[in-house]
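Q: the following block contains a protein sequence and its predicted model.
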Amino acid sequence: MIGCAIAHGLARRGARVTVIERTGVAAEASGAAAGILAPRVYNADEPVFALALASDPLFGPLLDDLRAATDLDTQYVRSGVLDLAFVETDAKRLQDKQSRLLGHGHDVRWLSARETIEIEPEVSEGVLGAFYDADAHHIHPERFTRALAQAAARRGARFQLGVDAIGLTGEGGRATAVRTSTGNVAAGHVIIATGSWSTFSEDWIKAPVPIYPAKGQILTVAALPSPIRHILNQHSLHGGGGGQAVDGLRGGRGIYLVPRVDGTVVVGATIERVGYDRALTASALAWLLGSIPSLVPSLRDARFDRAWTGLRPATPDELPIVGRAPGWENVTLATGHYRSGIMLAPITAALVTRLILDGERDPLLDALDPARFSHGGGARQSSETAVQ
Ligand SMILES: Cc1cc2nc3c(=O)[nH]c(=O)nc-3n(C[C@H](O)[C@H](O)[C@H](O)COP(=O)(O)OP(=O)(O)OC[C@H]3O[C@@H](n4cnc5c(N)ncnc54)[C@H](O)[C@@H]3O)c2cc1C
(Lines give C-alpha, C1' and ligand atoms only; values in the text may rest on other atoms or scores of the structure.)
Protein backbone atom coordinates (compact mmCIF):
# COMPACT_ATOMS: atom_id res chain seq x y z
CA MET A 1 0.00 0.00 0.00
CA ILE A 2 2.57 2.53 1.11
CA GLY A 3 5.06 1.72 -1.66
CA CYS A 4 2.35 1.70 -4.34
CA ALA A 5 0.75 4.94 -3.07
CA ILE A 6 4.11 6.72 -3.14
CA ALA A 7 4.98 5.25 -6.57
CA HIS A 8 1.63 6.54 -7.83
CA GLY A 9 2.18 10.01 -6.31
CA LEU A 10 5.66 10.29 -7.81
CA ALA A 11 4.77 8.86 -11.23
CA ARG A 12 1.82 11.28 -11.47
CA ARG A 13 4.30 14.11 -11.11
CA GLY A 14 6.48 12.70 -13.89
CA ALA A 15 9.19 11.01 -11.83
CA ARG A 16 10.75 7.79 -13.14
CA VAL A 17 9.89 5.12 -10.55
CA THR A 18 10.85 1.47 -10.03
CA VAL A 19 9.05 -0.59 -7.36
CA ILE A 20 11.05 -3.54 -6.05
CA GLU A 21 8.72 -6.05 -4.39
CA ARG A 22 9.75 -9.39 -2.94
CA THR A 23 6.40 -11.13 -3.34
CA GLY A 24 3.55 -9.40 -5.16
CA VAL A 25 1.40 -6.28 -4.97
CA ALA A 26 -0.77 -6.36 -1.80
CA ALA A 27 0.69 -9.72 -0.82
CA GLU A 28 1.30 -8.75 2.80
CA ALA A 29 -0.44 -6.49 5.37
CA SER A 30 -2.09 -4.36 2.69
CA GLY A 31 -3.98 -7.31 1.27
CA ALA A 32 -5.00 -8.44 4.75
CA ALA A 33 -6.56 -5.25 6.12
CA ALA A 34 -10.21 -4.61 6.88
CA GLY A 35 -10.13 -1.37 4.90
CA ILE A 36 -11.83 0.85 7.47
CA LEU A 37 -11.39 4.60 6.86
CA ALA A 38 -12.82 6.19 9.99
CA PRO A 39 -10.57 8.99 11.24
CA ARG A 40 -12.95 10.25 13.90
CA VAL A 41 -13.09 6.85 15.59
CA TYR A 42 -9.55 7.49 16.84
CA ASN A 43 -9.41 9.48 20.05
CA ALA A 44 -8.34 13.08 19.56
CA ASP A 45 -5.40 12.55 21.94
CA GLU A 46 -4.02 9.68 19.83
CA PRO A 47 -1.04 11.00 17.85
CA VAL A 48 -2.33 9.42 14.65
CA PHE A 49 -5.59 11.43 14.80
CA ALA A 50 -4.19 14.56 13.08
CA LEU A 51 -2.65 12.47 10.30
CA ALA A 52 -5.86 10.52 9.74
CA LEU A 53 -7.84 13.78 9.54
CA ALA A 54 -5.36 15.15 7.00
CA SER A 55 -5.57 11.96 4.93
CA ASP A 56 -9.35 11.70 4.86
CA PRO A 57 -10.16 14.47 2.30
CA LEU A 58 -7.50 13.13 -0.08
CA PHE A 59 -9.50 9.95 -0.79
CA GLY A 60 -12.07 11.66 -3.05
CA PRO A 61 -9.61 13.12 -5.60
CA LEU A 62 -7.37 10.04 -5.39
CA LEU A 63 -10.25 7.66 -6.15
CA ASP A 64 -11.37 9.91 -9.04
CA ASP A 65 -7.88 9.60 -10.45
CA LEU A 66 -7.88 5.80 -10.03
CA ARG A 67 -11.30 5.49 -11.71
CA ALA A 68 -9.98 7.45 -14.69
CA ALA A 69 -6.69 5.55 -14.87
CA THR A 70 -7.72 1.93 -14.17
CA ASP A 71 -10.61 -0.48 -14.63
CA LEU A 72 -10.39 -1.85 -11.08
CA ASP A 73 -13.35 -1.36 -8.72
CA THR A 74 -11.94 -0.53 -5.27
CA GLN A 75 -15.33 -1.30 -3.66
CA TYR A 76 -15.26 2.06 -1.92
CA VAL A 77 -18.37 2.77 0.19
CA ARG A 78 -19.27 5.76 2.33
CA SER A 79 -21.13 3.61 4.86
CA GLY A 80 -20.71 5.57 8.07
CA VAL A 81 -19.52 4.01 11.33
CA LEU A 82 -21.35 3.21 14.55
CA ASP A 83 -19.06 2.93 17.55
CA LEU A 84 -21.34 0.96 19.85
CA ALA A 85 -21.53 1.19 23.64
CA PHE A 86 -22.73 -1.81 25.61
CA VAL A 87 -21.37 -0.72 29.00
CA GLU A 88 -21.84 2.61 30.82
CA THR A 89 -18.14 3.51 30.80
CA ASP A 90 -18.05 3.28 27.01
CA ALA A 91 -21.27 5.28 26.67
CA LYS A 92 -19.84 8.05 28.84
CA ARG A 93 -16.49 8.07 27.02
CA LEU A 94 -18.09 8.12 23.58
CA GLN A 95 -20.55 10.88 24.58
CA ASP A 96 -17.66 13.00 25.88
CA LYS A 97 -15.74 12.39 22.67
CA GLN A 98 -18.75 13.31 20.56
CA SER A 99 -19.25 16.63 22.33
CA ARG A 100 -15.54 17.48 22.13
CA LEU A 101 -15.42 16.73 18.39
CA LEU A 102 -18.68 18.59 17.78
CA GLY A 103 -17.12 21.58 19.56
CA HIS A 104 -14.29 21.44 17.02
CA GLY A 105 -16.69 21.47 14.08
CA HIS A 106 -16.91 17.72 13.35
CA ASP A 107 -20.31 16.51 12.26
CA VAL A 108 -20.60 13.51 14.60
CA ARG A 109 -23.61 12.47 16.68
CA TRP A 110 -24.40 10.50 19.79
CA LEU A 111 -27.35 8.19 19.14
CA SER A 112 -29.60 6.81 21.87
CA ALA A 113 -30.29 3.06 21.93
CA ARG A 114 -33.56 3.62 20.05
CA GLU A 115 -31.92 5.81 17.41
CA THR A 116 -29.12 3.25 16.98
CA ILE A 117 -31.61 0.42 16.37
CA GLU A 118 -33.54 2.68 14.00
CA ILE A 119 -30.61 3.11 11.63
CA GLU A 120 -29.12 -0.36 12.18
CA PRO A 121 -32.05 -2.64 13.17
CA GLU A 122 -30.06 -5.87 13.60
CA VAL A 123 -27.73 -4.52 16.30
CA SER A 124 -28.01 -6.40 19.59
CA GLU A 125 -30.76 -5.06 21.85
CA GLY A 126 -28.30 -4.65 24.70
CA VAL A 127 -26.84 -1.56 23.02
CA LEU A 128 -26.85 1.60 25.16
CA GLY A 129 -26.16 3.99 22.30
CA ALA A 130 -23.57 4.78 19.64
CA PHE A 131 -21.09 7.37 18.46
CA TYR A 132 -22.12 7.96 14.85
CA ASP A 133 -19.98 9.36 12.06
CA ALA A 134 -21.93 9.31 8.79
CA ASP A 135 -18.82 10.28 6.80
CA ALA A 136 -16.71 7.22 7.66
CA HIS A 137 -15.98 4.98 4.72
CA HIS A 138 -14.36 1.70 3.77
CA ILE A 139 -12.55 0.25 0.80
CA HIS A 140 -11.29 -3.14 -0.38
CA PRO A 141 -7.61 -2.79 0.57
CA GLU A 142 -6.23 -5.32 -1.87
CA ARG A 143 -8.14 -3.83 -4.81
CA PHE A 144 -7.17 -0.31 -3.71
CA THR A 145 -3.49 -1.27 -3.59
CA ARG A 146 -3.65 -2.96 -6.98
CA ALA A 147 -5.45 0.05 -8.47
CA LEU A 148 -2.67 2.34 -7.22
CA ALA A 149 -0.06 0.00 -8.71
CA GLN A 150 -1.92 -0.15 -12.02
CA ALA A 151 -2.34 3.63 -12.16
CA ALA A 152 1.36 4.11 -11.32
CA ALA A 153 2.32 1.60 -14.04
CA ARG A 154 0.16 3.40 -16.61
CA ARG A 155 2.17 6.52 -15.80
CA GLY A 156 5.41 4.73 -16.44
CA ALA A 157 6.34 3.19 -13.05
CA ARG A 158 8.09 -0.15 -13.47
CA PHE A 159 7.46 -3.07 -11.13
CA GLN A 160 10.07 -5.71 -10.38
CA LEU A 161 8.02 -8.40 -8.63
CA GLY A 162 9.59 -11.41 -6.95
CA VAL A 163 12.78 -9.38 -6.43
CA ASP A 164 14.37 -8.98 -3.00
CA ALA A 165 16.00 -5.68 -2.01
CA ILE A 166 19.13 -6.59 -0.05
CA GLY A 167 21.01 -3.34 0.49
CA LEU A 168 22.19 0.01 -0.85
CA THR A 169 25.27 1.11 -2.71
CA GLY A 170 26.71 4.57 -2.25
CA GLU A 171 28.86 6.54 0.15
CA GLY A 172 29.04 9.80 2.03
CA GLY A 173 25.35 9.69 2.84
CA ARG A 174 24.37 9.41 -0.82
CA ALA A 175 22.81 6.21 -2.20
CA THR A 176 23.44 5.43 -5.85
CA ALA A 177 21.55 2.14 -6.25
CA VAL A 178 19.45 -0.50 -4.52
CA ARG A 179 21.17 -3.90 -4.39
CA THR A 180 18.70 -6.64 -5.23
CA SER A 181 18.60 -10.40 -5.69
CA THR A 182 18.78 -9.82 -9.45
CA GLY A 183 21.35 -7.02 -9.59
CA ASN A 184 21.63 -3.30 -8.84
CA VAL A 185 18.87 -0.80 -9.61
CA ALA A 186 20.32 2.70 -10.02
CA ALA A 187 18.41 5.38 -8.11
CA GLY A 188 18.56 9.12 -7.56
CA HIS A 189 16.42 8.62 -4.45
CA VAL A 190 15.55 5.46 -2.50
CA ILE A 191 12.32 5.03 -0.53
CA ILE A 192 12.19 2.18 1.96
CA ALA A 193 8.57 1.06 2.41
CA THR A 194 9.05 -2.55 3.42
CA GLY A 195 6.34 -2.72 6.11
CA SER A 196 6.99 -5.20 8.93
CA TRP A 197 10.38 -6.06 7.40
CA SER A 198 11.66 -2.48 7.55
CA THR A 199 13.74 -3.21 10.61
CA PHE A 200 16.09 -5.24 8.37
CA SER A 201 17.01 -1.99 6.58
CA GLU A 202 18.85 -0.94 9.76
CA ASP A 203 21.85 -2.78 8.28
CA TRP A 204 21.55 -0.76 5.08
CA ILE A 205 21.28 2.69 6.60
CA LYS A 206 23.10 2.09 9.94
CA ALA A 207 20.32 3.77 11.94
CA PRO A 208 17.50 2.38 14.11
CA VAL A 209 14.24 1.42 12.40
CA PRO A 210 12.36 -0.10 15.36
CA ILE A 211 9.54 -1.87 13.54
CA TYR A 212 8.00 -5.10 14.80
CA PRO A 213 5.22 -7.19 13.26
CA ALA A 214 1.83 -7.09 15.04
CA LYS A 215 -0.09 -10.09 13.76
CA GLY A 216 -3.77 -9.70 12.98
CA GLN A 217 -6.14 -12.64 12.56
CA ILE A 218 -9.27 -11.66 10.68
CA LEU A 219 -12.10 -13.45 8.84
CA THR A 220 -15.21 -13.03 6.75
CA VAL A 221 -18.67 -14.55 6.97
CA ALA A 222 -21.10 -14.46 4.05
CA ALA A 223 -24.55 -12.97 4.52
CA LEU A 224 -26.72 -11.92 1.59
CA PRO A 225 -28.49 -9.60 1.85
CA SER A 226 -26.18 -8.09 4.45
CA PRO A 227 -28.03 -7.50 7.73
CA ILE A 228 -25.87 -4.41 8.42
CA ARG A 229 -25.11 -1.26 6.45
CA HIS A 230 -22.58 0.54 8.67
CA ILE A 231 -19.14 -0.32 9.95
CA LEU A 232 -19.82 -1.48 13.50
CA ASN A 233 -17.19 -1.14 16.20
CA GLN A 234 -17.44 -2.40 19.73
CA HIS A 235 -14.79 -1.47 22.24
CA SER A 236 -15.76 -3.51 25.32
CA LEU A 237 -17.65 -6.69 24.66
CA HIS A 238 -20.30 -7.51 27.19
CA GLY A 239 -19.43 -11.02 28.24
CA GLY A 240 -15.71 -10.16 28.33
CA GLY A 241 -12.79 -10.80 26.05
CA GLY A 242 -11.94 -14.23 27.44
CA GLY A 243 -8.32 -13.13 27.80
CA GLN A 244 -7.72 -13.23 24.06
CA ALA A 245 -5.39 -10.83 22.35
CA VAL A 246 -8.16 -9.19 20.40
CA ASP A 247 -8.34 -5.60 19.41
CA GLY A 248 -10.98 -3.25 18.07
CA LEU A 249 -10.37 -0.12 16.06
CA ARG A 250 -8.69 1.78 18.87
CA GLY A 251 -7.21 -0.94 20.99
CA GLY A 252 -8.81 -2.75 23.91
CA ARG A 253 -10.87 -5.89 23.73
CA GLY A 254 -13.41 -5.34 21.02
CA ILE A 255 -14.24 -6.36 17.50
CA TYR A 256 -15.44 -4.64 14.38
CA LEU A 257 -17.71 -5.69 11.52
CA VAL A 258 -17.42 -4.28 7.99
CA PRO A 259 -20.16 -5.02 5.43
CA ARG A 260 -18.34 -5.44 2.11
CA VAL A 261 -20.13 -4.89 -1.17
CA ASP A 262 -19.59 -8.54 -2.19
CA GLY A 263 -21.99 -9.70 0.55
CA THR A 264 -19.32 -10.73 3.04
CA VAL A 265 -18.89 -9.19 6.47
CA VAL A 266 -15.34 -8.72 7.74
CA VAL A 267 -14.82 -9.63 11.40
CA GLY A 268 -11.60 -8.37 12.92
CA ALA A 269 -9.11 -8.52 14.40
CA THR A 270 -6.48 -9.74 16.85
CA ILE A 271 -3.29 -7.83 17.61
CA GLU A 272 -0.55 -10.22 18.66
CA ARG A 273 3.16 -9.77 19.15
CA VAL A 274 4.44 -13.17 18.05
CA GLY A 275 7.23 -12.29 15.61
CA TYR A 276 6.75 -13.27 11.97
CA ASP A 277 4.43 -16.19 12.79
CA ARG A 278 1.35 -16.10 10.55
CA ALA A 279 -0.60 -19.04 11.93
CA LEU A 280 -4.36 -18.91 12.28
CA THR A 281 -5.15 -20.17 15.78
CA ALA A 282 -8.22 -21.97 17.06
CA SER A 283 -8.54 -19.69 20.10
CA ALA A 284 -8.49 -16.44 18.09
CA LEU A 285 -10.93 -17.69 15.46
CA ALA A 286 -13.25 -19.03 18.17
CA TRP A 287 -13.12 -15.64 19.90
CA LEU A 288 -13.83 -13.66 16.74
CA LEU A 289 -16.64 -15.96 15.60
CA GLY A 290 -18.08 -16.20 19.11
CA SER A 291 -18.18 -12.41 19.42
CA ILE A 292 -20.29 -11.81 16.32
CA PRO A 293 -23.71 -12.48 17.94
CA SER A 294 -23.01 -10.00 20.76
CA LEU A 295 -23.06 -7.27 18.08
CA VAL A 296 -25.49 -8.66 15.53
CA PRO A 297 -27.41 -11.75 16.74
CA SER A 298 -28.84 -12.52 13.30
CA LEU A 299 -25.30 -13.12 11.96
CA ARG A 300 -25.04 -16.16 14.25
CA ASP A 301 -25.89 -18.53 11.39
CA ALA A 302 -24.03 -16.69 8.63
CA ARG A 303 -21.89 -18.98 6.47
CA PHE A 304 -18.20 -18.96 7.34
CA ASP A 305 -16.28 -17.61 4.33
CA ARG A 306 -12.52 -17.48 5.01
CA ALA A 307 -9.88 -16.42 7.52
CA TRP A 308 -6.39 -15.01 7.09
CA THR A 309 -3.59 -13.17 8.88
CA GLY A 310 -1.48 -10.08 8.20
CA LEU A 311 1.53 -8.48 9.86
CA ARG A 312 1.02 -4.82 10.77
CA PRO A 313 4.23 -2.78 10.85
CA ALA A 314 4.21 -1.43 14.42
CA THR A 315 6.48 1.13 16.09
CA PRO A 316 7.19 1.77 19.80
CA ASP A 317 5.18 5.02 19.81
CA GLU A 318 2.45 3.81 17.43
CA LEU A 319 3.30 6.53 14.91
CA PRO A 320 4.60 5.88 11.39
CA ILE A 321 8.24 6.51 10.52
CA VAL A 322 8.26 8.85 7.52
CA GLY A 323 11.09 11.15 6.45
CA ARG A 324 14.76 11.30 5.56
CA ALA A 325 16.81 8.37 6.87
CA PRO A 326 19.30 9.74 9.43
CA GLY A 327 22.65 10.43 7.79
CA TRP A 328 21.35 10.08 4.20
CA GLU A 329 20.48 12.90 1.84
CA ASN A 330 18.57 10.75 -0.67
CA VAL A 331 17.05 7.87 1.31
CA THR A 332 13.53 8.22 2.71
CA LEU A 333 11.74 5.87 5.11
CA ALA A 334 7.97 5.39 4.80
CA THR A 335 6.90 2.64 7.16
CA GLY A 336 5.38 1.80 10.55
CA HIS A 337 1.75 2.53 9.70
CA TYR A 338 0.59 -0.14 12.15
CA ARG A 339 -3.25 -0.33 12.22
CA SER A 340 -3.84 2.59 9.84
CA GLY A 341 -1.82 2.16 6.67
CA ILE A 342 -4.83 2.13 4.37
CA MET A 343 -6.29 5.22 6.05
CA LEU A 344 -2.91 7.00 5.98
CA ALA A 345 -1.76 6.02 2.49
CA PRO A 346 -2.95 9.20 0.71
CA ILE A 347 -1.35 11.61 3.18
CA THR A 348 1.86 9.55 3.31
CA ALA A 349 2.13 9.62 -0.48
CA ALA A 350 1.45 13.37 -0.56
CA LEU A 351 4.01 14.15 2.18
CA VAL A 352 6.74 11.98 0.64
CA THR A 353 6.11 13.22 -2.90
CA ARG A 354 6.37 16.87 -1.80
CA LEU A 355 9.43 16.14 0.33
CA ILE A 356 11.30 14.44 -2.51
CA LEU A 357 10.21 16.44 -5.56
CA ASP A 358 9.80 19.90 -4.00
CA GLY A 359 12.05 19.72 -0.93
CA GLU A 360 8.98 20.80 1.06
CA ARG A 361 8.90 19.43 4.59
CA ASP A 362 5.34 19.57 5.93
CA PRO A 363 5.07 20.16 9.73
CA LEU A 364 3.05 16.91 9.93
CA LEU A 365 6.38 15.13 9.33
CA ASP A 366 7.84 16.44 12.61
CA ALA A 367 6.21 13.71 14.72
CA LEU A 368 7.12 11.04 12.15
CA ASP A 369 10.84 11.88 11.88
CA PRO A 370 12.94 8.68 11.70
CA ALA A 371 15.63 10.46 13.74
CA ARG A 372 13.42 10.35 16.86
CA PHE A 373 14.73 6.84 17.51
CA SER A 374 18.38 7.76 16.97
CA HIS A 375 18.87 9.99 20.02
CA GLY A 376 17.77 7.52 22.66
CA GLY A 377 14.76 9.67 23.54
CA GLY A 378 11.29 10.45 22.35
CA ALA A 379 10.21 6.86 21.72
CA ARG A 380 7.49 5.98 24.20
CA GLN A 381 7.04 2.25 24.67
CA SER A 382 3.33 1.53 24.61
CA SER A 383 2.13 -1.05 27.10
CA GLU A 384 -1.19 -1.40 25.28
CA THR A 385 0.40 -2.45 22.00
CA ALA A 386 2.16 -5.52 23.25
CA VAL A 387 -0.99 -7.50 23.95
CA GLN A 388 0.86 -10.79 23.98
C1 LIG B 1 -5.87 -7.71 10.22
C2 LIG B 1 -5.52 -6.30 9.80
C3 LIG B 1 -6.52 -5.34 9.69
C4 LIG B 1 -6.20 -4.03 9.31
N5 LIG B 1 -7.22 -3.14 9.14
C6 LIG B 1 -6.92 -1.88 8.74
C7 LIG B 1 -7.96 -0.96 8.48
O8 LIG B 1 -9.15 -1.29 8.61
N9 LIG B 1 -7.63 0.32 8.09
C10 LIG B 1 -6.32 0.70 7.93
O11 LIG B 1 -6.08 1.86 7.60
N12 LIG B 1 -5.31 -0.17 8.14
C13 LIG B 1 -5.58 -1.45 8.54
N14 LIG B 1 -4.56 -2.34 8.75
C15 LIG B 1 -3.17 -1.86 8.68
C16 LIG B 1 -2.64 -1.85 7.25
O17 LIG B 1 -2.91 -3.08 6.63
C18 LIG B 1 -1.12 -1.60 7.27
O19 LIG B 1 -0.82 -0.47 8.05
C20 LIG B 1 -0.61 -1.35 5.84
O21 LIG B 1 -1.04 -2.38 4.99
C22 LIG B 1 0.91 -1.27 5.83
O23 LIG B 1 1.29 -1.12 4.47
P24 LIG B 1 2.80 -1.33 4.03
O25 LIG B 1 2.84 -1.10 2.58
O26 LIG B 1 3.69 -0.55 4.92
O27 LIG B 1 3.10 -2.87 4.41
P28 LIG B 1 2.88 -4.21 3.56
O29 LIG B 1 1.56 -4.26 2.94
O30 LIG B 1 3.25 -5.36 4.46
O31 LIG B 1 3.93 -4.07 2.38
C32 LIG B 1 5.31 -4.17 2.57
C33 LIG B 1 5.86 -4.86 1.33
O34 LIG B 1 7.27 -4.84 1.35
C35 LIG B 1 7.72 -6.05 0.78
N36 LIG B 1 9.10 -6.27 1.22
C37 LIG B 1 9.53 -6.40 2.49
N38 LIG B 1 10.86 -6.53 2.51
C39 LIG B 1 11.27 -6.47 1.22
C40 LIG B 1 12.55 -6.55 0.60
N41 LIG B 1 13.67 -6.68 1.31
N42 LIG B 1 12.61 -6.45 -0.74
C43 LIG B 1 11.48 -6.30 -1.49
N44 LIG B 1 10.25 -6.22 -0.94
C45 LIG B 1 10.15 -6.31 0.39
C46 LIG B 1 6.75 -7.09 1.28
O47 LIG B 1 6.74 -8.24 0.43
C48 LIG B 1 5.43 -6.32 1.25
O49 LIG B 1 4.71 -6.54 0.06
C50 LIG B 1 -4.85 -3.67 9.09
C51 LIG B 1 -3.85 -4.65 9.17
C52 LIG B 1 -4.18 -5.95 9.50
C53 LIG B 1 -3.09 -7.00 9.56
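A: Looks like it came in fine.
Q: contacts for stretch 207-214?
A: Contact with stretch 207-214 is made by 192, 195-199, 201-202, 271-273, 275-276, 311-316, 321, 325-327, 333, 335-336, 338-339, 370-371, 373-374, 379, 385, as judged by C-beta atoms under 8 Å, 6 or more residues apart in numbering. Bear in mind the C-beta positions are built from the backbone N, C-alpha and C, glycine included.
Q: restricted to helices, list those residues.
A: Glu202 (DSSP state H).
Q: narrow the contacts of stretch 207-214 to just the buried residues.
A: 192, 195-199, 201, 271-272, 311-316, 321, 325-326, 333, 335-336, 338-339, 370, 373-374, 379, 385 (16 or more other C-beta atoms under 10 Å).
Q: on that earlier part again, give me the subset of the contacts of stretch 207-214 touching the ligand.
A: Counting by C-beta under 6 Å from any ligand atom, 195-197, 312-313, 335, 338-339 from the contacts of stretch 207-214 sit close to the ligand.
Q: of the residues you listed, just say which sits nearest to the ligand.
A: The nearest member of these to the ligand, counting by C-beta to the nearest ligand atom, is Gly195 at 2.6 Å.
Q: quick one, grab the pLDDT at the closest one.
A: Looking at Gly195, its pLDDT stands at 98.
Q: which residues touch the closest residue to it other than its chain neighbours?
A: The shortest distance from Gly195 to any non-neighbouring residue, by C-beta to C-beta, 6 or more residues apart in numbering, is to Pro313 (4.5 Å). Contacts here follow C-beta under 8 Å, 6+ apart; on that basis Pro313 touches 29, 195-196, 198, 211, 213-214, 335-338, 341.
Q: hmm, who's touching stretch 175-189?
A: 18, 20, 160, 163-170, 190, 328, 330-332, 356.
Q: swap the cut-off to 10 Å and go again
A: For stretch 175-189, contacts defined as C-beta atoms under 10 Å, 6 or more residues apart in numbering pick out 10, 15-18, 20, 22, 158, 160, 162-170, 174, 190-192, 204-205, 325, 328-332, 352, 355-357.
Q: just flag the most distant two among the ones next to the ligand among the contacts of stretch 207-214.
A: Trp197 and Arg339 (17.6 Å; C-beta to C-beta).
Q: just to revisit the earlier point, from the contacts of stretch 175-189, which land in helices?
A: Using DSSP H, the members of those that fall in helices are 10, 204-205, 352, 355-357.
Q: show me which of those are buried.
A: 10, 204-205, 352, 355-356.
Q: what helix or strand is Asp96 on?
A: helix 88-103 (DSSP states H and E).
Q: mind giving me the packing neighbours of the next helix or strand after that helix?
A: Per DSSP H and E, the first helix or strand lying C-terminal to helix 88-103 is strand 109-112. Under the contact criterion of 3 or more C-beta pairs under 10 Å, 6 or more residues apart in numbering; DSSP states H and E, strand 109-112 touches strand 81-85, helix 88-103, helix 113-119, strand 129-133.
Q: ok, now with 7 Å
A: In this structure, strand 109-112 packs against helix 88-103, strand 129-133, with contacts taken as 3 or more C-beta pairs under 7 Å, 6 or more residues apart in numbering; DSSP states H and E.
Q: and of these, who's closest to the ligand?
A: Judging these by C-beta to the nearest ligand atom, what sits closest to the ligand is strand 129-133, at 14.5 Å.
Q: residues in contact with Arg12?
A: Applying C-beta atoms under 7 Å, 6 or more residues apart in numbering to Arg12 gives the contacts Arg155.
Q: okay, the helices and strands packed on strand 109-112 in CSV with distance to the ligand, mean neighbour count and mean pLDDT next?
A: Below are the helices and strands packed on strand 109-112 laid out as CSV (distance: least, C-beta to the nearest ligand atom, whole Å; neighbours: other C-beta atoms under 10 Å; pLDDT from 0 to 100):
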stretch, distance to the ligand, mean neighbour count, mean pLDDT
helix 88-103, 19, 15, 94
strand 129-133, 15, 25, 98
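Q: dump those into TSV; add distance to Arg154 as well.
A: Listed next are the helices and strands packed on strand 109-112 as TSV, based on distance: least, C-beta to C-beta, whole Å:
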stretch	distance to Arg154
helix 88-103	39
strand 129-133	34
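Q: pLDDT weak spots in the stretch 151-300 of the chain?
A: By pLDDT under 70, the low-scoring segments of the stretch 151-300 of the chain are 236-253.
Q: so where do the helices sit in it?
A: Remark: helices assigned in the stretch 151-300 of the chain by DSSP state H, counting those that start in this stretch are 202-205, 282-295.
Q: which among those helices is found nearest to Asp64?
A: Across those, closest to Asp64 is helix 282-295 (C-beta to C-beta), at 33.6 Å.
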